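Participant: Build me a model:
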Amino acid sequence: MAVPLAFFAVFFAYPVAAIVGRGLRTGDGWQFGRLAAVLGRPDILGVLWFTTWQALASTALTLLIALPGAYVFARLDFPGKAVLRAVVTVPFVLPTVVVGTAFLALLGRGGLLDELWGIRLDTTVWAILLAHVFFNYAVVVRTVGGLWSQLDPRQEEAARVLGAGRFAAWRRVTLPALAPAVAAAALMVFLFTFTSFGVVQILGGPGFSTLEVEIYRQTAQLLDLPTAAVLTLLQFAAVGAILAVHARTVRRRESALRLVDPARTAGRPRGRGQWALLGGVLGSVTLLILLPLGVLVERSLDGPGGYGLGFYRALGSVEASGGTFLVPPLEAVGNSLRYALVATLIALVIGGLAAAALTRRAGPLVRGFDALLMLPLGVSAVTVGFGFLITLDKPPLDLRASWILVPLAQALVGVPFVVRTMLPVLRAVDARLREAAAVLGASPVRAWREVDLPLVRRALLVAAGFAFAVSLGEFGATVFIARPDRPTLPVAVARLLGRPGELNYGQAMALSTVLMVVCAVSLLALERIRTDRSGEF
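Facilitator: Numbering: from 1, shown residues only. Below you'll find the model as predicted:
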């Protein structure tokens, strides 16, 4: 635990604490009265209210649309199921900037709906809600569907034999068993939408602002660190509460059920009801997931002179960006790949050590350590990025001018995915194998190398893939620390969207398409090598 704790203390706790300290501390000491002053402002209360209710609405809408999909993937077999399962997961690993860009191409000015029917939904809450459903659909399908596929269907069949109707049997037998998984999925969706940044930044316009967007505005635009510090503490408290409740629901789900092999529970659709449900799910996936991604690709090819690769060719020129970049935007692709590879290596080392520690010990201290590893997913990435700038600028950690700063920020987001992917597999390794190796004279390091590593090699590859994908798309922190001559793909997309002109818009669509393809290819490769089909990420 020592190395992961040191990493999180230096590169997470220290920058966040420094930002909060700068905002709440003056020469006269700590000014905790600012908490009440900031939280009493009508504009801040409005931001807090919007952040909360849009997260609740997004969670409810995601559950409503995704739960039928969870049933279809859990209980029905149909051609192309594995490919479709990977496709619905693509939005989750896409950067939020790309998600916002895809819906801007569909719902914004000059978008598909605007061209066909004159309907614009950008700068409305509906665009934000739909984008959140698009992003979090896979969370519900994989978390709830993964458990659903392992529930023994004979329990529900027994209730039917005893006289219960189809709905009554589902409500009294299956639903109580699924409740912890539904609660866990709902909490994760609420967490991601509560801390939403890129989607709201692009689609919300000036009229809508979540806590994360407001922290960015107060920090980067208004330089009001006291207000940003208070909002960071508020978000930190909310995220800590959400993660604590989520940990309890996961423990309930792991300990309360007897599960079976998923291969025994799925079958071909039977009857009109199941065929209609399958058709409805395929239709919703097409409209909600495939259509925005398809429009994104179409807009990247639709140039002033007709369809072609003009926008892609413009990415290789500095002049075409109109002074937005010091280097050709295409260099952002190479920068992002290099940064993501280094971030993946860091995340594998830190996350692998943390997962090994969590496997061998138990108790309140270790459960607290597990929760600490999840905090970067919910704590303001904007605060972390700005904290890097003001803390890592003195020896022995004078890294502000170093390229390593970006991979370090990206690794913070990748570590939770490494831990969550490797932990179930490591826990499944029979401890007697390690004990036998020790009896035969193997050191702990050699026992891990020759016993654990061969068994978890595939899980390690999956963890590396997820860490690579999420590192590639990290935006909240890198928007502060990416150098102008070395932009990452998400930062380049945001800068292009922030400048007027058809060429800048087209280049943003082209870069977003490139990023989407890289993430999709990574995910499809993961689906081919992963062995655990329980639905967890």
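
Participant: Residue 104 and residue 111 touch, don't they?
Facilitator: Yes. Between residue 104 and residue 111 a contact is recorded at 6.8 Å, counting by C-beta atoms under 8 Å. For the C-beta atoms, the positions are set from N, CA and C on the backbone; glycine is no exception.

Participant: So for these two, which residue has more residues nearby?
Facilitator: residue 104 (27 against 20; other C-beta atoms under 10 Å).

Participant: and the helix or strand containing that one, what's its mean pLDDT?
Facilitator: Using DSSP states H and E, residue 104 falls within helix 96-107. Computed over helix 96-107, the mean pLDDT rounds to 82.

Participant: Put the alpha carbons of it into CSV.
Facilitator: Provided in CSV are the C-alpha atoms of helix 96-107 (Å, rounded to 0.1, in the frame of the first residue of the first chain):
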residue,chain,number,x,y,z
THR,A,96,-16.7,13.9,-22.7
VAL,A,97,-15.5,16.5,-25.2
VAL,A,98,-16.2,14.1,-28.0
VAL,A,99,-19.6,13.2,-26.6
GLY,A,100,-20.5,16.9,-26.5
THR,A,101,-19.1,17.3,-30.1
ALA,A,102,-21.2,14.4,-31.4
PHE,A,103,-24.4,15.8,-29.9
LEU,A,104,-23.5,19.3,-31.1
ALA,A,105,-23.3,17.8,-34.6
LEU,A,106,-26.7,16.2,-34.1
LEU,A,107,-28.6,18.8,-32.1
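
Participant: any common contacting residues for residue 104 and residue 111?
Facilitator: Common contact partners of residue 104 and residue 111 (C-beta atoms under 8 Å, 6 or more residues apart in numbering): residue 122.

Participant: ok so, going back, and the helix or strand following the helix holding residue 104, what's buried?
Facilitator: Sequence-wise, the next helix or strand downstream of helix 96-107 (DSSP H and E) is helix 112-117. By 16 or more other C-beta atoms under 10 Å, the buried positions in helix 112-117 come out as 112, 114.

Participant: what residues does helix 112-117 touch?
Facilitator: Contacts for helix 112-117 (C-beta under 8 Å, 6+ apart): 105-108, 119-121, 291, 295.

Participant: one more time with 6 Å
Facilitator: 106-107, 119-120, 295 (C-beta atoms under 6 Å, 6 or more residues apart in numbering).

Participant: before we move on, what about stretch 341-354?
Facilitator: 3-4, 7, 373, 407, 410-411, 414-415, 418-419, 464, 467-468, 471.

Participant: Quick check: mean pLDDT of that stretch?
Facilitator: 92.

Participant: can you check stretch 470-479 too?
Facilitator: On average, the pLDDT along stretch 470-479 is 80.

Participant: Walk me through the domains of this structure.
Facilitator: 46-298, 311-359+401-532 (automatic domain parsing).

Participant: looking at these, which is closest to residue 12?
Facilitator: Taking C-beta to C-beta as the criterion, domain 311-359+401-532 is the member of those that comes nearest to residue 12, at 5.8 Å.

Participant: starting at the chain centroid, how far to the closest one?
Facilitator: Here domain 311-359+401-532 shows a centroid-to-chain-centroid distance of 12 Å under the convention C-alpha atoms, centre = their mean, to the nearest Å.

Participant: ok so, going back, can you say which of the domains of the chain is nearest to residue 377?
Facilitator: domain 311-359+401-532 (5.4 Å).

Participant: Out of the contacts of helix 112-117, which end up buried?
Facilitator: 106-107, 295.

Participant: in what helix or strand does residue 201 lie?
Facilitator: Going by DSSP H and E, residue 201 is part of helix 198-203.

Participant: what packs against that helix?
Facilitator: Packing contacts for helix 198-203, counted by 3 or more C-beta pairs under 6 Å, 6 or more residues apart in numbering; DSSP states H and E, involve helix 96-107, helix 125-148.

Participant: hang on, the earlier thing: which of the contacts of stretch 341-354 sits closest to residue 307?
Facilitator: Of those, the one sitting nearest to residue 307 (C-beta to C-beta) turns out to be residue 468, at 31.6 Å.

Participant: how many neighbours does that closest one have?
Facilitator: For residue 468, using other C-beta under 10 Å, the count is 26.

Participant: which residues touch it?
Facilitator: Contacts of residue 468 (C-beta under 6 Å, 6+ apart): 340, 344.

Participant: for the host helix or strand of it, which positions count as buried?
Facilitator: For residue 468, the host element (DSSP H and E) is helix 453-472. Residues 456, 459-460, 462-472 are the ones in helix 453-472 that count as buried (16+ other C-beta under 10 Å).

Participant: Find me the pLDDT at residue 110, would you?
Facilitator: Confidence at residue 110, expressed as pLDDT, is 74.

Participant: give me the number of residues near it?
Facilitator: Using other C-beta under 10 Å, residue 110 has 13 neighbouring residues.

Participant: how about low-confidence regions in the stretch 151-300 of the chain?
Facilitator: The stretch 151-300 of the chain contains residues with pLDDT under 70 at 246-264.

Participant: got the end-to-end distance for stretch 168-181?
Facilitator: 20 Å (C-alpha to C-alpha, to the nearest Å).

Participant: how about the closest residue to residue 225 other than its chain neighbours, what does it touch?
Facilitator: The shortest distance from residue 225 to any residue other than its chain neighbours is 4.1 Å, reached at residue 23 (C-beta to C-beta, 6 or more residues apart in numbering). Neighbouring residues of residue 23 by C-beta under 6 Å, 6+ apart: 225-226, 228-229.

Participant: which secondary structure element contains residue 23?
Facilitator: helix 14-24.

Participant: where along the stretch 351-500 of the chain do the strands fall?
Facilitator: 393-394, 397-398 (DSSP state E, counting those that start in this stretch).

Participant: for those, which one sits closest to residue 450?
Facilitator: Of all the strands of the stretch 351-500 of the chain, strand 397-398 sits nearest to residue 450, with 36.4 Å by C-beta to C-beta.

Participant: Sheet partners, orientation included, of the closest one?
Facilitator: Strands adjacent to strand 397-398 in the sheet, as given by DSSP bridges, are strand 393-394 (antiparallel).

Participant: which residues sit against the partner strand?
Facilitator: Counting by C-beta under 6 Å, 6+ apart, residue 400 sit against strand 393-394.

Participant: Can you give the distance from that strand to the centre of its chain?
Facilitator: Strand 393-394 sits 31 Å away from the centroid of its parent chain (C-alpha atoms, centre = their mean).

Participant: What mean pLDDT does that strand get?
Facilitator: For strand 393-394, mean pLDDT is 78.

Participant: Could you report the distance from residue 303 to residue 311?
Facilitator: For residue 303, the distance to residue 311 equals 6 Å [C-beta to C-beta, to the nearest Å].

Participant: Show the backbone phi and psi for the closest residue to residue 483 other than its chain neighbours.
Facilitator: Spatial nearest neighbour of residue 483, excluding adjacent residues (C-beta to C-beta, 6+ apart): residue 403 at 7.6 Å. Main-chain torsions, residue 403, degrees, to the nearest 10: phi -70, psi -20.
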